[in-house]
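Novice: model this:
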Amino acid sequence: MGRLFRGVIYLAVIGFVALVGYAYVGPYFGADFSAPQTEMRQPVQLDGN
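Specialist: Numbers count the residues shown, from 1 in each chain. Here you go, the predicted model:
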């Protein structure tokens, strides 16, 4: 049981390192993580009564 738990922990750590590595190296391979930069305007009506 301990061996299985240790294996799951190792896989989680390796997955986390891979995810962080992809976040840093991904833009060099064409992955774009930036948010879309579009302006949106919507009229708002307030009830002042």
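Novice: against residue 36, how distant is the closest residue to residue 31 other than its chain neighbours?
Specialist: In this structure, residue 31 finds its nearest non-sequential neighbour in residue 22, 7.6 Å apart by C-beta to C-beta, 6 or more residues apart in numbering. Yep, even glycine has a C-beta here, placed from its N, CA and C like the rest. Distance, residue 22 to residue 36, by C-beta to C-beta, to the nearest Å: 21 Å.
Novice: same deal with residue 11?
Specialist: In terms of C-beta to C-beta, residue 11 sits 34 Å off from residue 36.
Novice: neighbour count winner among the two?
Specialist: residue 11 (10 against 5; other C-beta atoms under 10 Å).
Novice: pLDDT score for that one?
Specialist: Note on residue 11: pLDDT of 97.
Novice: the helices in the chain, which residues?
Specialist: Along the chain, counting by DSSP state H, helices occupy 2-25.
Novice: any low-confidence regions in it?
Specialist: Where the chain drops to pLDDT under 70, the residues are 49.
Novice: try 80
Specialist: Applying pLDDT under 80 to the chain flags the ranges 48-49.
Novice: residues touching stretch 6-26, excluding its own?
Specialist: Under the contact criterion C-beta atoms under 8 Å, 6 or more residues apart in numbering, stretch 6-26 has outside partners 31, 33.
Novice: 7 Å instead, please
Specialist: Here stretch 6-26 makes contact (C-beta atoms under 7 Å, 6 or more residues apart in numbering) with residue 33.
Novice: what separates that stretch from the chain centre, distance-wise?
Specialist: Taking C-alpha atoms, centre = their mean, to the nearest Å, one finds stretch 6-26 lying 13 Å from the centre of the chain it belongs to.
Novice: so what's residue 27 closest to, chain neighbours aside?
Specialist: Nearest to residue 27 is residue 33, by C-beta to C-beta, 6+ apart, at 7.0 Å.
Novice: list phi and psi for residue 31.
Specialist: phi -80, psi 130 (degrees, to the nearest 10).
Novice: okay, now it: neighbour count?
Specialist: When neighbours are counted by other C-beta under 10 Å, residue 31 registers 10.
Novice: separation between it and residue 44?
Specialist: 36 Å.
Novice: same check on residue 36?
Specialist: Distance of residue 36 to residue 44, given as C-beta to C-beta: 22 Å.
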